[in-house]
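Enquirer: Fold the following, please.
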Amino acid sequence: MDAERYTGHVEPGGSTAVRVLDDAEVRKVSVGPMDNAAYLVTCRRSGAQVLVDAPADPDRLLALLREGSATARLDLVVVTHRHRDHLGALASVVAVTGAAVAAGADDADAVATASDHPVDRRLRHGDVLTVGHLRLDVVALRGHTPGSVALALTEPSGTAGPDAAPGRVHLFTGDSLFPGGVGNTDRDPQRFAQLLGDVTERVFARYGDDTWVYPGHGDDTTLGIERPALPAWAARGW
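Expert: Residues are numbered from 1 along each chain as shown. Next up, the predicted model:
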């Protein structure tokens, strides 16, 4: 798919949305009964690949790997949080590919139990993941679950791809940030305050309006679209 046609919207079981950057490609598919998004980030220089969440339908996810690399290489799976709809295919994908598994430190034990597969790396806020020549910054966004993490991919200076913008960030947020609000905190005021605080301080205060947000379900958005609504989110309390 041409990069200009990337919309961030994919139908369950449908075709892959692809965004081509100067140094990376981002592929998005929707799988499973809860319309979960899985994202494959491919380093264009090395062929290294990281899968963000392995929700369901391992055959579709393995086909996604082949779309990104002729060898179906997979270096790492990052599980954004402990909920089963984001890791149902994890053990199957890892069994075929041998990829390492990473998850937020405070969700890692639950991820291992739910998937029946160990977590190789426990992520904390400020950690950096290197996949080929790509750098992914770990942003802890606590509240939806204690160990929820987002990943930030920043386009390097001097990029010139068809959809490139030097310094722009691509943020994979799991269930912590969506179009229209933060993730579900079960109406718990403490969890909501923590999640909104993390999203405000660690995302909106740090990254620019052109930051592209790739959520765990549904369509993508940008921080510029969502930023004006922050006071309304705080006022409604969810």
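Enquirer: Can you pull out the low-pLDDT segments for the protein?
Expert: 1-8, 13, 159-164 (pLDDT under 70).
Enquirer: Swap in 80 and give it another go.
Expert: Within the chain, the stretches with pLDDT under 80 are 1-14, 157-164.
Enquirer: Report the secondary structure element holding the most centrally placed residue in it.
Expert: Nearest to the geometric centre of the chain sits Phe172, at 2.9 Å (Cα atoms, centre = their mean). Taking DSSP states H and E as the definition, Phe172 sits inside strand 169-174.
Enquirer: Any chance you could list what contacts that strand?
Expert: Contacts to strand 169-174, defined as Cβ atoms under 8 Å, 6 or more residues apart in numbering, come from residues 21, 24, 26, 39, 41, 52-53, 78, 80-81, 86, 139, 141, 144, 148-155, 177, 183, 203, 207-208, 210-216, 223. Backbone N, C-alpha and C define where each C-beta goes, glycine included.
Enquirer: same thing with stretch 80-92?
Expert: By Cβ under 8 Å, 6+ apart, stretch 80-92 touches 31-32, 34, 36, 52-58, 61, 77, 79, 101, 103-104, 107, 110-111, 114-117, 144-145, 147-151, 172-176, 216.
Enquirer: then it to CSV, C-alphas only?
Expert: In CSV, the C-alpha atoms belonging to stretch 80-92 read as follows (Å, rounded to 0.1, in the frame of the first residue of the first chain):
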residue,chain,number,x,y,z
THR,A,80,1.8,-3.1,26.0
HIS,A,81,-0.1,-4.5,29.1
ARG,A,82,-1.4,-7.6,30.8
HIS,A,83,-4.9,-8.0,29.4
ARG,A,84,-5.5,-11.2,27.6
ASP,A,85,-6.9,-9.6,24.4
HIS,A,86,-3.5,-8.2,23.7
LEU,A,87,-1.5,-11.4,24.1
GLY,A,88,-3.6,-14.3,23.0
ALA,A,89,-1.3,-15.2,20.1
LEU,A,90,2.0,-14.4,22.0
ALA,A,91,3.1,-18.0,22.7
SER,A,92,2.3,-19.2,19.2
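Enquirer: Among the contacts of strand 169-174, which lie within helices?
Expert: Among the contacts of strand 169-174, the residues falling in helices (DSSP state H) are Leu223.
Enquirer: List buried residues within the contacts of strand 169-174.
Expert: Among those, those scoring as buried are 21, 24, 26, 39, 41, 52-53, 78, 80-81, 86, 139, 141, 144, 148-155, 177, 183, 203, 207, 211-216, 223 (criterion: 16 or more other Cβ atoms under 10 Å).
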